[in-house]
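In: Could you look at this predicted model? Sequence included:
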Amino acid sequence: MKKILVTGGLGYIGSHTVVELQSAGYDVVVIDNLENSSQDVKDRITKISSRPIELVVGNVNDEQTMNRLFMEHNFYGVIHFAAYKAVGESVDNPIKYYQNNIAGLICLLGAMNKHGVQNLIFSSSCTVYGEAEDLPVTEDTPIKSAESPYGTTKIIGEQIIQDYAKHKNLKTVLLRYFNPVGAHPSAQIGELPNGVPSNLVPYITQTAAGIREQLVIHGNDYNTSDGTCIRDYIHVVDLAKAHVKAMTYADNMTDSVEVFNVGTGHGSTVLEVVQAFEKQSNVNLNYTIGPRRDGDVEQIFADTQKINTVLEWQAEYDINDMMYHAWMWQKSIVKK
């Protein structure tokens, strides 16, 4: 049975991907420093899949830890999630993002090379496109200077991989995520940020649950249908399944690096998301309009033709499903 290393595998996207990897028949080893996750996620994953996972508590940018991990296991491939990801925080504390996101990737690539592991799925982001001139964005849309240090770490990460793959035996799929939301339909795992959420949907669900007093929508003066930002929201389970497809594809790649957008191809405004949530939850959300937030682009959504065709992957859930599952997850947390 093929064994996959998932870095940051107890995090939001990582945990859902572990479930889908297990469902596809892979063995999984997770390394996570638990900074933005908790150890009980491991037990929740096992409840869903009825299969154990091995957890190593540690940092990806620790060379000794990574070498020991690769010596102990014969990995077929690696899925790399371990990185900070809050746009607003990255603007306030850019050095934290460069030190963690870039150094961790370099350490991982070194361990993979040393131990002869070829297949890598890299967690990238649509932030590499910046404020795109033409929509929807394709994989050939020019990469611009990012609107945030977080976005810059993804651009640099992609470039490091491109340069590295030219001279090393590495097969990498770069998945440029759009906006992952929702939770597993079982309500066993979902997005659980530490402290005040920086992403829209957990802030919505926490406001509805009474944990937050009010949702602040950052700006309603954008050039969109209702003045709020447009994003391509994708269900986290759909995104997780894309990683499984990518891992299968990596082994048969002819090029050393391949890029795929992962979204639905449909953009929703912030207010449309709020309305979808209210419909699915039967909760009238307390929200107000605030000033724009540094680092936010006006609108972005994906052209998904390449991933639909090459990986034979397609998003199955719509925005109503995403809001329903996010609310079921939030309610399950409150009960606990």
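Out: Nice, I can see it.
In: Just give the number of residues close to residue 99.
Out: 14 (other C-beta atoms under 10 Å). Glycine gets a C-beta too; all of them are placed from N, C-alpha and C.
In: any idea whether it is helix, strand or coil?
Out: helix (DSSP: H, G, I helix; E, B strand; the rest coil).
In: And for residue 85?
Out: Per three-state DSSP, the local secondary structure of residue 85 is coil.
In: Model confidence at it, what's the number?
Out: Listed pLDDT for residue 85 reads 83.
In: Leaving out sequence neighbours, find the closest residue to it.
Out: Spatial nearest neighbour of residue 85, chain neighbours left out: residue 150 (6.3 Å); criterion: C-beta to C-beta, 6 or more residues apart in numbering.
In: residues near that neighbour, how many?
Out: Counted with other C-beta under 10 Å, residue 150 comes out at 23.
In: helices and strands around the helix or strand hosting residue 288, which ones?
Out: Using DSSP states H and E, residue 288 sits in strand 287-290. Judged by 3 or more C-beta pairs under 8 Å, 6 or more residues apart in numbering; DSSP states H and E, strand 287-290 is in contact with strand 215-218.
In: before we move on, the earlier item: please tell me I have it right and the residue nearest to residue 85 contacts residue 93.
Out: No. Residue 150 lies out of contact with residue 93 (C-beta atoms under 8 Å); the separation is 10.4 Å.
In: Helices along the stretch 151-300 of the chain, start to end?
Out: 200-208, 236-250, 270-281 (DSSP state H, counting those that start in this stretch).
In: Name the surrounding residues that touch the first one.
Out: So the one you mean is helix 200-208. 179, 181-182, 191-193, 196-197, 212-215, 231, 233, 270, 273-274, 277, 281, 283, 285-287, 322-323, 326-327, 329-330 (C-beta atoms under 8 Å, 6 or more residues apart in numbering).
In: Write a ChimeraX command that selects only the buried members of those residues.
Out: Applying 16 or more other C-beta atoms under 10 Å to the contacts of helix 200-208, the buried members can be selected in ChimeraX as follows:
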select :179,181,182,191,192,197,212,215,231,233,270,273,274,277,281,283,287,322,323,326,327,329,330
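In: and residue 2, which of the helices of the stretch 151-300 of the chain is closest to it?
Out: Evaluated over the helices of the stretch 151-300 of the chain, closeness to residue 2 peaks at helix 236-250, with 8.6 Å, by C-beta to C-beta.
In: ok so, going back, which SS class is the residue nearest to residue 85?
Out: Reduced to three states by three-state DSSP, residue 150 is helix.
In: Now do the contacts for it.
Out: Applying C-beta under 8 Å, 6+ apart, the residues near residue 150 are 84, 85, 86, 87, 89, 90, 97, 101, 125, 127, 295.
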